[in-house]
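A predicted structure for the sequence below; I have some questions about it.
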Amino acid sequence: MSEGIKKKISDALDLPQDIVLNVPRVIVTGKIATFIENHKGIIEYNSELVKINTSIGVICVRGEDLHIKTIISDEITVEGKISAIEFEE
Amino acid sequence: MLFIKLWNYLSGYVIIKIVGEYGERLLNQAALENLYLWDIKRQNGNVLSCKVSVKNFAKLASLARKTRCRVYIIERVGLFFVILKLRKRKWFLFGALLFIAAVYFMSSFIWSIEIVCPDDELTISVDEALRSWGIKEGIFKYGLDKEYYIDKLLNEYGGLAWAQMEIRGSRLIIELVKKELPPELEENIPCDIIASKDGIIEEIIALRGEALVEPGQTVSEGDVLITGKIMLGHEPDGEEEGSDTLFVHAEGIVRARVWYQKAVKVPLVKTKKVPTGNSKKSLILHFQNHILNLHLGDISYTLYDKRVLKEVNILPKLGGGLKLNIVEYIEMEAQKEYLGVENASIEAEAQLLSDLEHLSKENKIIQRKMEYVLDSDEQAVIGSMIIELVEDIGKKQKIEYGEEKL
């Protein structure tokens, strides 16, 4: 099924898009934490930058004193002083 | 999250150091293998620190080999390691357990006996009695038959109304309440029976001594009804020879008609407190005898009722006595109600009846009279009730001899 049809189905049936489209779900708590669901692993990690691989490309979390609070197979929580969240294609 | 933290602490975890160029790869692998890692931090260059549970550490170590990372343990945290350490220190554990056992053992004895009684003399004598029965410091507290000793105490000491034994920790607390007896004259002391109040004698039975009054006679308070002074000249069957008068302990029943009167004034207009529906709650902190009001907001009712909703004992009385009361203030409104003469009279009678109720319980009421007077100046009804009943008016009084003898 192409992305377009999936999108239409999820719109029509009011289904959560992150599940139907298999895209990550990013929840940001203020500037102190971000929670990324449906990730595909860490590419790079240091205290200024966390690169996380997802189905739509790489998500970069920039900031200071970043640390990974938890990591399990499809969830990741990054804490610290977050300054930017970027999506790279 | 507290639960997870607590679980982690109980099951034990290690803080590890991951050294290697591709630390991220290890993290990904661990995530894929469902190994839970948390608090991952970059220390510097190619050193990561993170936490992992004891159970998962072995798996992580084998993964580390595959990803060409080295894993070092920095710190071991949790109860798991405490137990592990204690297993090695067997004698320390033994000592600790011995200590707990010793405390428990020592606390199963009674180390102090406290007798709570306002009467010092009784306290001392009960204390001695208990000691002679084997209740003293150092006895085993379990298996102490409290009921038995309470019964024994109550039997031994006739003057006790109530006794209680309570074991609090290693203290034995004995509470005693003395009977409040009227000062009764002893059997062998000569006495008269006198009238305790005015009345008309209905019947008189002298069990011992000589009756001085007859039925139908009016007596006033203090009159001698049955005398314990017997003139031997009049009583030929006296018990003792050789003296003119014989003093005995008079005893008998003297029943007489007596009157009680009581009056009440009931105003025609009655003010009644009616709740308005407003109420406020407040906290009152009691510390021993000090009271601290913790008002939540301002309570500015002119007329209110106070009701204690809940009492919370924070510390028991012995431990400082801290108590928190939740109090509700209910706003009241004064409402005036016009009773009328008739209703006021009814109320006056009801009040008097309840006031004099205790009299009718013990004795038979012969007659009850009710009178009402309307006090026009004060807008009130004065109701007075006279109750006539028959009761025992006899009271013992010691004969003051000395001047009487001889």
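Arrived safely.

CA only for contacts and neighbour counts going forward, please
Will do.

give me the element residue 52 is part of.
In the absence of a named chain, this looks at chain A. Residue A:52 belongs to strand A:49-54 when elements are defined using DSSP states H and E.

not what I meant, chain B
strand B:47-53.

Adjacent strands (with direction) for that strand?
strand B:13-19 (antiparallel), strand B:37-44 (antiparallel) (DSSP bridges).

Now do stretch B:121-139: distance to the chain's middle.
25 Å (C-alpha atoms, centre = their mean, to the nearest Å).

Packing partners of the helix or strand just after the strand holding residue B:52?
The helix or strand immediately downstream of strand B:47-53 is helix B:54-66, counting by DSSP H and E. Under the contact criterion of 3 or more C-alpha pairs under 8 Å, 6 or more residues apart in numbering or on different chains; DSSP states H and E, helix B:54-66 touches strand B:13-19, helix B:23-32, strand B:70-77.

Kindly recompute the last result at 6 Å.
The contact analysis (3 or more C-alpha pairs under 6 Å, 6 or more residues apart in numbering or on different chains; DSSP states H and E) places helix B:54-66 against no helix or strand.

What residues of that helix count as buried?
By neighbour count on 16 or more other C-alpha atoms under 10 Å in any protein chain shown, the buried set for helix B:54-66 is B:54, B:56, B:57, B:60, B:61, B:63, B:64.

coming back round to it: I'd like the average pLDDT over the strand holding residue A:52.
For strand A:49-54, mean pLDDT rounds to 92.

Identify the residues contacting that strand?
The contact list for strand A:49-54 (C-alpha atoms under 6 Å, 6 or more residues apart in numbering or on different chains) reads A:39, A:40, A:41, A:42, A:43, A:44, A:58, A:59, A:60, A:61, A:62.

Ok, stretch B:12-24 next?
Under C-alpha under 6 Å, 6+ apart, the answer for stretch B:12-24 is A:42, B:46-54, B:69-80.

how about 7 Å then?
Contacts of stretch B:12-24 with the rest of the structure, by C-alpha atoms under 7 Å, 6 or more residues apart in numbering or on different chains, involve A:42-45, B:46-54, B:68-81.

Could you identify the buried members of these?
A:42-43, A:45, B:46-54, B:69-71, B:76-81.

Residue B:395 contacts residue B:191, correct?
No: Residue B:395 is not in contact with residue B:191 according to C-alpha atoms under 7 Å; the separation is 9.7 Å.

Quick check: residues of chain A near chain B?
Contact residues (C-alpha under 7 Å from any C-alpha of the partner chain) of chain A with chain B: A:41-47, A:67-73.

Would you reformat these as JSON lines and include distance to residue B:98 and secondary structure?
Putting the residues of chain A next to chain B into JSON lines (distance: C-alpha to C-alpha, whole Å; DSSP: H, G, I helix; E, B strand; the rest coil) gives the following:
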{"residue": "A:41", "distance to residue B:98": "53", "secondary structure": "coil"}
{"residue": "A:42", "distance to residue B:98": "53", "secondary structure": "strand"}
{"residue": "A:43", "distance to residue B:98": "56", "secondary structure": "strand"}
{"residue": "A:44", "distance to residue B:98": "55", "secondary structure": "strand"}
{"residue": "A:45", "distance to residue B:98": "52", "secondary structure": "strand"}
{"residue": "A:46", "distance to residue B:98": "52", "secondary structure": "coil"}
{"residue": "A:47", "distance to residue B:98": "51", "secondary structure": "coil"}
{"residue": "A:67", "distance to residue B:98": "46", "secondary structure": "strand"}
{"residue": "A:68", "distance to residue B:98": "46", "secondary structure": "strand"}
{"residue": "A:69", "distance to residue B:98": "43", "secondary structure": "strand"}
{"residue": "A:70", "distance to residue B:98": "43", "secondary structure": "strand"}
{"residue": "A:71", "distance to residue B:98": "45", "secondary structure": "strand"}
{"residue": "A:72", "distance to residue B:98": "45", "secondary structure": "strand"}
{"residue": "A:73", "distance to residue B:98": "48", "secondary structure": "coil"}
